[in-house]
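Enquirer: Sequence first, then the predicted structure, then my questions.
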Amino acid sequence: MTATVLIVEDEGDIMLTIRLTLQAEGYQVLCVSNGEAAMEIFGDSPPDVTVLDVALPGMDGLEVVQRLRNDTNHKDARIVITSAHASGHVRRLADALGCEYLTKPFSTKELAATVAAVLALDDREVETPLQ
Amino acid sequence: MVSDLTAAHITTARRAVVLTGTGEQDMNAADPLAIFAKVVAHDFSGPLVAIRGFGTLLVDTLGDRIDDRERSYLGEMVIAAEGMQTLNDSLITWIRARNAILDVNELSLDSLVSECVDEFRSRIIEQGAQITVSPLPVVWADAAAIRRVFHYLLDNALRYTGAGRTAVVHIEAANSETGVGVVVRDNGPGIPDGSRERAFGLFQRLESTRDAASTGVGLTLSRTIVERHGGRLWLEAAPEGGLEAIFTLPTSRIAALGHVMATNPVAMDESSERQHRQHQAALATIVEFSDEAIYSKDLNGHIITWNRAAETLYGYSAAEVLGQHISQLMVSDRLQELPALMNRVRLGERIHLETRRMRKDGTQFDVALTMSPIRDAQGELIGASVIARDVTERHQTEEDLRAFLEVAPDAIVVINHAGAIHAVNSQTEATFGYRADELIGQPVEMLLPHRFRGGPVAQRIAFTVEPVLRPMGTDLDLFGLRRDGSEFPVDIQLSTLPTKDGKLPVAVIRDVTERRRLEHLRDDFVANAAHELRTPLTTLAGLGETLARSFDVMDRADIDEAFEAMARQGERARVLISNLLDLSNIEGGRANFSVVNVELSPLIGRVLEAAPPPGDRAVTVSVPSGLGVRADPDRLAQVITNLLVNAYRYGGENIRIHAFDGGTQTFLDVTDDGTGIERDLVPKLFEPFTRGKAASVVRGSGIGLALCRRILDGMDAEIRYEQMLPRGSRFRVGLRRAT
């Protein structure tokens, strides 16, 4: 069965770039532009991987991750965080939350490789989320 | 005894002419303290010896006939008499020093001090004390007297070390224009501020240093000796604790001779009187032919002697000026100095004064005056000698230097050898918030935050020996401390300044708050610009890669969308870079504005054609035809375009462009009915890369409004933001009216 990727990205052209790249890799792709919409998708039909922008209007990407980690149904969700923040804080936070991390601008090869790697980890350990 | 009426050093031939007729002085009018001391010293000796002697005798002869209590009474009496005799001996020593005839000779302080230190050899070894002596100069002074001064000062320094401490004593000297200063520094407990001068009282001993062997006369005596040489002696706290005894001596033979002879008592017997006369004759010649202007006046201010150098300095011959009042030499606006000066002279004070005086031809000059009391044979004041030196040139140099310091853009602080602030310029006052008089004499460390005080930074500033101006070190984050307690970043350069007191450390301090702020701004700007380019670059590169790799498997609609997005992001990058270039050109002054009369209505028409509203926005224009402004038409179009595009992106559905004649200016408003701009962003609205939350959904270049502000500045126009109620934003551009 084709893996499903959820893209949470508020900037239209970035979303387009991610979508076309992952579609070309053969994934089933869902796109939303805010955290609330992402949580709804998880309620209906959880994706196999989520590519999540940190800077979102309203509920931001990190809040989305924390909610998922606190939800027994979704605590092991596989997530790739994207951020334009070059500082190490977001990267360390992503690590602590058991997420992969991509800094914008990222290459599409890098994106495809990261998503593939995350999907390949079947019995990945998820660290205790930060409170 | 007419010849005894005046002090020796003014005994020129002319003096006799002037003073004949003043008559003999009354013996009883001599200095009452001196007479009292002499009486005490000589007449108490006998009785004291008797009390002590008979007391001791009584103890022996009474033997068993008295009991222990009575014996102890007698013992106390004897001890008290012994103590009193010690004091009396000291008093006699002081009287002798005060009245001794001093003999001025060339004197090497080096050998004198080494002999003096030798006298203490056994004590030094016993105490394990350490005495170091820097090279000392040659002075003109009475060898025995000065040796006594060193003896007392060394004795004090060795005596008053703290309990359980080893005495470390250092002797050094520094030359100045007028003399030499000698410092004897110890590491003892020192004397608290406010009590140091009290140490000079006769028989004054401080509680903590009470010691039976000390009679408390040494300091008083030392001061008397130094003052008789024309110097001063005082105590200071040493920088690292301990006490510094400092005294000055003149290096000029004439000055030393003058002072010493003025205080030498007049000889009582024939042979010494003859010697005295010989002295006087020699001195008269010295004074007469001295290069220094030396004259004297009586207690009423009449001139009584006048040497050749004084003739040269003032332009009056002796005949013209003798018997005249001293005010003749004074500048009219300084005459008010005179009564106070004469009062001080009558009190027997020595006065150093810098003032202005006038020559015979009416020209004025800056002069340094040293006035010393003149006493007659009985020690009574009869006038004052004056040594005058023209310091106009020195003042000019100092004024030049001061003027130079004043125009310097940096705070300049000159530091003395003790690490205290010696001089500052007005930039220092402005930078640190202190008045000069609050700084001078204070440790330079007061200008540094506490964490630097006493550390290597403070040490380097206060004791720099840099011959040329040199930065303290660019790797140091240095801060200054203002009077109000606030800190600010500084750069400090150090050097030394040659002055009459030797080379003094100088710190040139620059407030770099503004430079640091600009550096931060620049860093932020670069970071922001890079940040703004991320989305276009991610999109262009990412979509390009995906298209190249997967074109064949992609939907037609996706391919079209990808190309449109690439075009859109390419344009966005172009606009950003073009705006950055514009901003940089305008800020760098490289942009040209061709300001002409522009009619607004057609210009706005062209702008709307080039940037039409998207389908969900509507623009209404109300601009009177014929309304014109002074502006660069292309630049103004750029501003209006920016405001319109902003309104399309962030504003409401309805956008209105309205222009009207506002009297002094013509106003152009771009108004929308959107949510307005967040209150906390408004103050920074026209700075680069300020953006609101809405901007994360729809992105512009981030520098549009900053560019508008710079463009309008360049055309003498302005822009401001107004929040509309109940909702909406208005940007109002104020333009110059057409001519």
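Expert: Yep, it's here.
Enquirer: ok but B:Gly181 is inside a strand, no?
Expert: Yes - assessed with DSSP: H, G, I helix; E, B strand; the rest coil, B:Gly181 lies in a strand.
Enquirer: how deep is it tucked in, by neighbour count?
Expert: 19 (other C-beta atoms under 10 Å in any protein chain shown). For glycine as for every other residue, the C-beta is placed from the backbone atoms N, C-alpha and C.
Enquirer: which residues does it contact?
Expert: B:173-175, B:246-248 (C-beta atoms under 8 Å, 6 or more residues apart in numbering or on different chains).
Enquirer: contacts for stretch B:524-536?
Expert: Residues from elsewhere that reach stretch B:524-536 (C-beta under 8 Å, 6+ apart): A:11, A:13-14, A:84, A:104-105, B:569-570, B:572-573, B:576, B:580, B:688-689, B:699, B:701-702.
Enquirer: Just the buried ones among these, please.
Expert: Among these, those buried by neighbour count (16 or more other C-beta atoms under 10 Å in any protein chain shown) are A:11, A:13-14, A:84, A:104-105, B:569, B:572-573, B:576, B:580, B:688-689, B:699, B:701-702.
Enquirer: In PyMOL, how would I select the buried members of the contacts of B:Gly181?
Expert: Burial among those is assessed by 16+ other C-beta under 10 Å; the matching PyMOL selection reads:
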select buried, chain B and resi 173+174+246+247+248
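Enquirer: can I get the contacts of B:Gly181 in JSON lines with distance to chain A, secondary structure and pLDDT?
Expert: Listed next are the contacts of B:Gly181 as JSON lines, based on distance: C-beta to the nearest C-beta, whole Å; DSSP: H, G, I helix; E, B strand; the rest coil; pLDDT from 0 to 100:
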{"residue": "B:Ala173", "distance to chain A": "62", "secondary structure": "strand", "pLDDT": "88"}
{"residue": "B:Ala174", "distance to chain A": "58", "secondary structure": "strand", "pLDDT": "84"}
{"residue": "B:Asn175", "distance to chain A": "62", "secondary structure": "strand", "pLDDT": "79"}
{"residue": "B:Ile246", "distance to chain A": "60", "secondary structure": "strand", "pLDDT": "90"}
{"residue": "B:Phe247", "distance to chain A": "66", "secondary structure": "strand", "pLDDT": "91"}
{"residue": "B:Thr248", "distance to chain A": "65", "secondary structure": "strand", "pLDDT": "87"}
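Enquirer: Compile the contacts of B:Gly181 into TSV and extend it with columns for distance to B:Tyr648.
Expert: Below are these laid out as TSV (distance: C-beta to C-beta, whole Å):
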residue	distance to B:Tyr648
B:Ala173	84
B:Ala174	79
B:Asn175	81
B:Ile246	81
B:Phe247	87
B:Thr248	84
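Enquirer: Can you tell me which of the contacts of B:Gly181 is nearest B:Val595?
Expert: B:Ala174 (67.4 Å; C-beta to C-beta).
Enquirer: The closest one - nearest residue in space that isn't next to it in sequence?
Expert: With sequence-adjacent residues excluded and distances taken as C-beta to C-beta, 6 or more residues apart in numbering or on different chains, B:Ala174 is closest to B:Gly181, at 5.1 Å.
Enquirer: Please report how far that neighbour lies from B:Ser90.
Expert: From B:Gly181 across to B:Ser90, the span is 27 Å (C-beta to C-beta, to the nearest Å).
Enquirer: Also B:Gly674?
Expert: B:Gly674 sits 97 Å away from B:Ser90, going by C-beta to C-beta.
Enquirer: same question, B:Ile326
Expert: The value you get for B:Ile326 to B:Ser90, if C-beta to C-beta is used, is 41 Å.
Enquirer: Can you tell me which helices and strands whichever strand or helix holds B:Val645 packs against?
Expert: Here B:Val645 sits within helix B:633-650, counting by DSSP states H and E. Packing partners of helix B:633-650 (3 or more C-beta pairs under 8 Å, 6 or more residues apart in numbering or on different chains; DSSP states H and E): strand B:596-599, helix B:600-610, strand B:654-661, strand B:665-672, helix B:704-713, strand B:729-737.
Enquirer: quick check: angle from the second one to strand B:729-737?
Expert: Angle, helix B:600-610 to strand B:729-737, by axes from the mean of the first three to the mean of the last three C-alpha atoms, to 10 degrees: 130 degrees.
Enquirer: Report the mean per-residue pLDDT for helix B:600-610.
Expert: In this model, helix B:600-610 has a mean pLDDT of 91.
Enquirer: what do you get for stretch B:364-373?
Expert: The pLDDT scores in stretch B:364-373 average 88.
Enquirer: how about the helices in the stretch 151-300 of chain B?
Expert: Ranges of helices within the stretch 151-300 of chain B are B:218-228, B:253-263, B:270-289, based on DSSP state H, counting those that start in this stretch.
Enquirer: Next: chain A.
Expert: Using DSSP state H, the helices of chain A run over A:12-24, A:35-44, A:61-69, A:88-96, A:108-120.
Enquirer: Ranked by average pLDDT, which of those falls at the bottom?
Expert: Lowest mean pLDDT within the helices of chain A: helix A:88-96, a mean of 77.
Enquirer: where does chain A come near chain B, residue by residue?
Expert: A:10-14, A:16-18, A:20-21, A:23-24, A:55-57, A:84, A:104-109, A:111 (C-beta under 8 Å from any C-beta of the partner chain).
Enquirer: Any chance of a PyMOL selection covering the buried ones in these?
Expert: Selection of buried members from the residues of chain A next to chain B for PyMOL, criterion 16+ other C-beta under 10 Å:
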select buried, chain A and resi 10+11+12+13+14+16+17+18+20+21+23+24+55+56+84+104+105+106+108+111
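Enquirer: contacting residues for the residue of the stretch 101-250 of chain B found nearest chain A?
Expert: Among the residues of the stretch 101-250 of chain B, B:Glu240 lies closest to chain A, at 47.6 Å counting by C-beta to the nearest C-beta. B:Glu240 is in contact with B:Asn187, counting by C-beta under 8 Å, 6+ apart.
Enquirer: Could you do the one 5 residues further on as well?
Expert: With C-beta under 8 Å, 6+ apart as the criterion, the residues that contact B:Ala245 are B:153, B:156-157, B:183-185, B:219, B:222, B:233-235.
Enquirer: Skipping adjacent residues, who's closest to the one residue in chain A that gets nearest to chain B in space?
Expert: The minimum distance from chain A to chain B, using C-beta to the nearest C-beta, falls at A:Ala24 (3.3 Å). Distances taken as C-beta to C-beta, 6+ apart put B:Ser550 closest to A:Ala24, at 3.3 Å, once the chain neighbours are dropped.
Enquirer: How about the secondary structure of B:Phe525?
Expert: With three-state DSSP as the basis, B:Phe525 sits in helix.
Enquirer: cool, B:Gly674 as well?
Expert: From three-state DSSP, the assignment for B:Gly674 is coil.
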